[in-house]
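Colleague: Sequence below, structure please.
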Amino acid sequence: MYVVCLDLEGVLVPEIWIAFAEASGIPELKKTTRDEPDYDKLMQYRLDILHEHGLGLNEIQKVIATIDPMPGAKEFLDELRSLTQVIIISDTFEQFASPLMKKLGWPTLFCNSLKVAADGSISGYQMRCEKSKYTTVKALQSIGFETIAAGDSFNDLGMIQISKAGFLFRTTPQIKKDYPEYPAFEEYDEFLAAIKQVIK
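Modeller: As a prediction, this is how the structure comes out:
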């Protein structure tokens, strides 16, 4: 049995931190896992900026409420889920993701958690497990699933590399150049057709 493991941000929904950077007028927050492979370093950078500007979860959630899935993402996901099991494995946080999951029809999501103080400031974060995407895919394989993985960023490469089939979706020119062995797609219909070829 197959299970498709998808990244969330950049694949199905816009990057939350980029949207918040634009809404808050803080361009430094546009840095994502496409730019910084070390997730802990990236998150500490983000938290330092939030503290410096006195911003917390409430402000971020207000912006998230205005974000819609990428055009065609829900239709792609609906059709894919009619064909096989799908799990979204993301380094986002449950406090961010819920409104977006509602708009996507409540797919299964594995993600992380924020540590939030009483005043709404974000004091830290709790990763679900170490190397969460890679570890989750390995666990799925250990219980008999064949995995297909796709994403757009450095932190997706681990799960892509160990899966039966791996794809890049709307990734950067540099990642495409560095990993030419993985088919790269820009449109959902081509992406869906490639997955169908694997699971047929």
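Colleague: Am I right that Gly124 sits in a helix?
Modeller: No - the assignment for Gly124 is strand, going by DSSP: H, G, I helix; E, B strand; the rest coil, so no helix is present there.
Colleague: Look at the nearest residue to it once chain neighbours are set aside and tell me its secondary structure.
Modeller: Once flanking residues are discounted, Gly124 sits nearest to Lys115: 4.2 Å by CB to CB, 6 or more residues apart in numbering. Using the backbone N, CA and C atoms, a C-beta is placed for each residue, glycine as well. Three-state assignment for Lys115 (three-state DSSP): strand.
Colleague: Which parts of this protein are helices?
Modeller: Read by DSSP state H, the chain holds these helices, from start to end of the chain: 16-24, 39-53, 57-64, 73-83, 94-103, 132-142, 157-161, 173-178, 188-199.
Colleague: Distance of the residue nearest to Gly124 relative to Val137?
Modeller: To Val137, Lys115 is 26 Å away according to CB to CB, to the nearest Å.
Colleague: Comparing those two, which shows the higher neighbour count?
Modeller: Val137 (26 against 13; other CB atoms under 10 Å).
Colleague: confidence score at the nearest residue to that one once chain neighbours are set aside?
Modeller: Nearest residue to Val137, sequence neighbours excluded (CB to CB, 6+ apart): Met159, at 4.3 Å. Predicted confidence (pLDDT) for Met159: 97.
Colleague: What lies in contact with stretch 176-187?
Modeller: 157, 160, 166-171, 191, 194 (CB atoms under 8 Å, 6 or more residues apart in numbering).
Colleague: Recalculate using a threshold of 6 Å.
Modeller: 166-171, 191, 194 (CB atoms under 6 Å, 6 or more residues apart in numbering).
Colleague: what pLDDT, on average, does that stretch get?
Modeller: 96.
Colleague: Same question for stretch 58-72.
Modeller: Mean pLDDT, stretch 58-72: 95.
Colleague: now the end-to-end length of it.
Modeller: From its first residue to its last, stretch 58-72 covers 29 Å (CA to CA, to the nearest Å).
Colleague: in that stretch, what's buried?
Modeller: Applying a neighbour-count criterion of 16 or more other CB atoms under 10 Å, one finds 60, 63-64, 67, 69 buried in stretch 58-72.
Colleague: Stretch 36-50 too?
Modeller: Across stretch 36-50, burial judged by 16+ other CB under 10 Å covers 36, 39, 42-43, 46-47, 49-50.
Colleague: One more: stretch 13-21?
Modeller: Buried residues in stretch 13-21, counting neighbours by 16+ other CB under 10 Å, are found at 13-21.
Colleague: of all the residues you listed, which two lie farthest apart?
Modeller: Val13 and Ala21 (15.3 Å; CB to CB).
Colleague: follow-up on the earlier one: I'd like to know which of the buried residues of stretch 13-21 is nearest to Arg81.
Modeller: Checking the buried residues of stretch 13-21 against Arg81 by CB to CB gives Val13 as the nearest, at 16.1 Å.
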